[in-house]
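Student: Structure of the sequence below:
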Amino acid sequence: MLFRSFSVYPNPFSQDFSLKFNRDMKGETVVMLTDLAGNVLHREVRLNPLDGQQVYINPAYNLNSGAYALRIINDNRVYTQTLMKQ
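Tutor: The predicted structure follows:
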């Protein structure tokens, strides 16, 4: 279900990346980037994102190379994908 709900490009990323919703999501949808310890590094809320809608994510500060978690929270469900920063 994860890859049917959204896709991320590029992964690994160098500065920023884009998130594409692969289905309509109703209501408030939280897009969150965290480190693997769970610290929130970027958070934004989208209302009713549509199938095909793209969101460009550019964290406000430089991230170290390594692994991060992208979480999409919608309708009491959490979708997670691991991202790599070059």
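Student: what sits against Leu50?
Tutor: By Cβ atoms under 8 Å, 6 or more residues apart in numbering, the residues touching Leu50 are 21, 24. In short, each C-beta sits where N, CA and C put it, glycine included.
Student: Show the pLDDT at it.
Tutor: Note for Leu50: predicted pLDDT of 90.
Student: and it, helix, strand or coil?
Tutor: Following DSSP: H, G, I helix; E, B strand; the rest coil, Leu50 is assigned to coil.
Student: What residues are bridge-paired with the most centrally placed residue in the chain?
Tutor: By Cα atoms, centre = their mean, the chain has its centre lying nearest to Leu70, at 4.2 Å. Here Leu70 sits in beta bridges with Leu33, Gln81, going by DSSP bridges.
Student: And it, how far from Leu33?
Tutor: Computed with Cβ to Cβ, to the nearest Å, the distance linking Leu70 and Leu33 is 6 Å.
Student: pretty sure the residue nearest to the centre of the chain contacts Val30?
Tutor: No: contact criterion Cβ atoms under 8 Å: Leu70 and Val30 do not qualify, at 11.1 Å.
Student: Could you pull up the residues touching the residue nearest to the centre of the chain?
Tutor: Going by Cβ under 8 Å, 6+ apart, the list of residues near Leu70 reads 8, 19, 31-33, 80-83.
Student: Pick out the most distant pair among these.
Tutor: Greatest spatial distance in those: Val31 and Thr82, 15.2 Å, computed using Cβ to Cβ.
Student: Now do the contacts for the residue lying closest to Ser7 once chain neighbours are set aside.
Tutor: Spatial nearest neighbour of Ser7, excluding adjacent residues (Cβ to Cβ, 6 or more residues apart in numbering): Lys20 at 5.0 Å. Contacts of Lys20 were listed using Cβ under 8 Å, 6+ apart, and they are 6-9, 52-55.
Student: same thing with Gln15?
Tutor: Taking Cβ under 8 Å, 6+ apart, we find Gln15 in contact with Asn58.
Student: Would you show me how to pick out the buried ones of the contacts of Leu70 in PyMOL?
Tutor: Applying 16 or more other Cβ atoms under 10 Å to these leaves a buried subset, and the PyMOL line that selects it is:
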select buried, resi 8+19+31+32+33+81+83
